[in-house]
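> Kindly generate the corresponding structure for this input.
(one chain, ligands or ions: 1)
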Amino acid sequence: MAETDSGKTAEERIPFNYFKKIPKIELHAHINGSISSETIKKLIQRKSTKEKGQNNVVSQWETTILKGDEKNLDECFKMWDFIYPLVDDTEAVFLVTKSVIEDFAQDNVRYLELRSTPRANPKTGMTKESYIEAVLAAIEEAKTTVPDITVR
Ligand SMILES: [Zn+2]
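Predicted coordinates for the structure are as follows:
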């Protein structure tokens, strides 16, 4: 990130800790667009053990996703190409939804509205219906792990 004239870092200019602490609502969070790098790493590990030869995905992830704020707009949209193959079965949908809820709860979001387009995948047996069921099951389970957040 570029430095300002005053030479302050982003952390000094923007009170991130304050924003993190205050209670918040999030009315429009796309599940697959809210996955943390930590969770993406887990998904990649899960994929590499399930299917061999996923090194290509791993190296693409390292070069593109790990660029963080340095990404240009094209690279941001390309993220979907990496994320969708990682979230192509109901177990992954469940895992991702639950961790997204927990991440929002960590940031002290108290009310969260999730969005997602149900996708089917004949290879893994996932249907649009089982996709939704996995999302709902994750919301249900998150009630026990992070009870202070209301999720719709
Ligand atoms: Zn939207």
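
> Name the residues that touch stretch 145-152?
With contacts defined as Cβ atoms under 8 Å, 6 or more residues apart in numbering, stretch 145-152 is touched by 98, 101-102, 104-105, 109-114, 139, 142. Every residue, glycine included, has its C-beta placed from N, CA and C.

> Buried ones in it, by neighbour count?
For stretch 145-152, burial by neighbour count (16 or more other Cβ atoms under 10 Å) applies to 146, 149, 151.

> what's around I25, how many residues?
If you count neighbours by other Cβ atoms under 10 Å, I25 ends up with 10.

> do the same with K20
Counted by other Cβ under 10 Å, the residues lying close to K20 total 11.

> And I31, by the same measure?
Using other Cβ under 10 Å, I31 has 20 neighbouring residues.

> which residue packs closest to it, ignoring adjacent ones?
Ranked by Cβ to Cβ, 6 or more residues apart in numbering and with sequence neighbours excluded, the top spatial neighbour of I31 is S116, at 4.4 Å.

> one step back: I'd like the buried residues of stretch 145-152 laid out as a markdown table, including distance to K50 and pLDDT.
Shown next, in a markdown table, are the buried residues of stretch 145-152 (distance: Cβ to Cβ, whole Å; pLDDT from 0 to 100):
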| residue | distance to K50 | pLDDT |
| --- | --- | --- |
| V146 | 27 | 98 |
| I149 | 30 | 98 |
| V151 | 28 | 98 |
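
> With secondary structure and distance to D74 as added columns, please give those residues in a markdown table.
Shown next, in a markdown table, are the buried residues of stretch 145-152 (DSSP: H, G, I helix; E, B strand; the rest coil; distance: Cβ to Cβ, whole Å):
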| residue | secondary structure | distance to D74 |
| --- | --- | --- |
| V146 | coil | 35 |
| I149 | coil | 33 |
| V151 | strand | 32 |
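
> Spit out the contact partners of the most centrally placed residue in the chain.
Taking Cα atoms, centre = their mean as the criterion, I35 is the residue nearest the geometric centre of the chain, at 0.8 Å. I35 sits next to 43, 83, 87, 96, 99-100 when contact means Cβ under 8 Å, 6+ apart.

> can you give me the strands in this protein?
Remark: strands assigned in the chain by DSSP state E are 24-30, 109-115, 150-151.

> Distance to E12 for those strands - can I get that in CSV?
Putting the strands of the chain into CSV (distance: least, Cβ to Cβ, whole Å) gives the following:
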stretch, distance to E12
strand 24-30, 22
strand 109-115, 25
strand 150-151, 34
